[in-house]
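1. sequence-free structure coming up:
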């Protein structure tokens, strides 16, 4: 049933992505292994994107590390085609599998996602901090984004930001919610950001004019 369920999820996710486009919000969709290895998967995604007139750069397709490494020959070409069309590819649960560093140079990916099991111990375990720091450094050297999952407190967020991980997801940002609530959250964020940018713009004007209104 997972392939049929996957099609329903993609249909609904693309419809949501279209509504989020004005806010420049990237929507991430987990791909099930069964979906990815099926014949015609790439065409289905591209056709669906055309149907909704989606900007593919605002959609990330997430694949787990273990599955990707075990099925390299079957799926790398498919992911490369989707990446060429404009979709972003994220390697999920990085660090929990057994991938060789040699694989990373051949994978058509845009981001590494650090598994929550590492993040949850950042505040208490020095060895975990060392590992996550290396993950972030590796991603940067490969020109990849690095995303930390499961961030639940400000201390974790600050450490991650200082150590090269500028993108986070987790309860610190928000808990699971309905799509309508999500739209409301994004809208409020954009209004607040616009107001801050407006204040900064006015301040710069004052500086240029010697502080005069």
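-> Received the coordinates, thanks. From a predicted model like this one, the values you see are computed outputs, not experimental measurements.

2. going forward, measure contacts between C-alpha atoms and count neighbours the same way
-> Will do.

3. tell me the contacts of residue 112?
-> 90, 91, 92, 94, 139, 144, 145, 146, 147 (C-alpha atoms under 8 Å, 6 or more residues apart in numbering).

4. So which residues of the chain form strands?
-> Shown for the chain, the strands assigned by DSSP state E span residues 27-30, 59-64, 88-94, 111-114, 145-148, 167-168.

5. Let me have the ones you listed in a markdown table, adding mean pLDDT and distance to residue 53 as columns.
-> Formatted as a markdown table, the strands of the chain follow (pLDDT from 0 to 100; distance: least, C-alpha to C-alpha, whole Å):
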| stretch | mean pLDDT | distance to residue 53 |
| --- | --- | --- |
| strand 27-30 | 94 | 15 |
| strand 59-64 | 92 | 12 |
| strand 88-94 | 88 | 16 |
| strand 111-114 | 91 | 24 |
| strand 145-148 | 94 | 26 |
| strand 167-168 | 92 | 27 |
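
6. could you dump these to TSV with distance to residue 181?
-> Output for the strands of the chain, formatted as TSV (distance: least, C-alpha to C-alpha, whole Å):
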stretch	distance to residue 181
strand 27-30	15
strand 59-64	20
strand 88-94	25
strand 111-114	25
strand 145-148	23
strand 167-168	20
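
7. for the ones you listed, which one sits closest to residue 73?
-> Comparison of the strands of the chain against residue 73 by C-alpha to C-alpha identifies strand 59-64 as nearest, at 14.5 Å.

8. Could you count how many residues lie near residue 157?
-> 22 (other C-alpha atoms under 10 Å).

9. Dump the contacts of residue 112 to TSV, plus distance to residue 22.
-> Formatted as TSV, the contacts of residue 112 follow (distance: C-alpha to C-alpha, whole Å):
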residue	distance to residue 22
90	23
91	26
92	26
94	31
139	29
144	25
145	23
146	24
147	23
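
10. Would you confirm that residue 26 contacts residue 55?
-> No: with contact defined as C-alpha atoms under 8 Å, residue 26 does not count as touching residue 55 (9.9 Å).

11. where's the residue found closest to residue 26 once you drop the neighbours it is linked to in the chain relative to residue 64, distance?
-> Spatial nearest neighbour of residue 26, excluding adjacent residues (C-alpha to C-alpha, 6 or more residues apart in numbering): residue 58 at 4.3 Å. According to C-alpha to C-alpha, to the nearest Å, residue 58 stands 20 Å off from residue 64.
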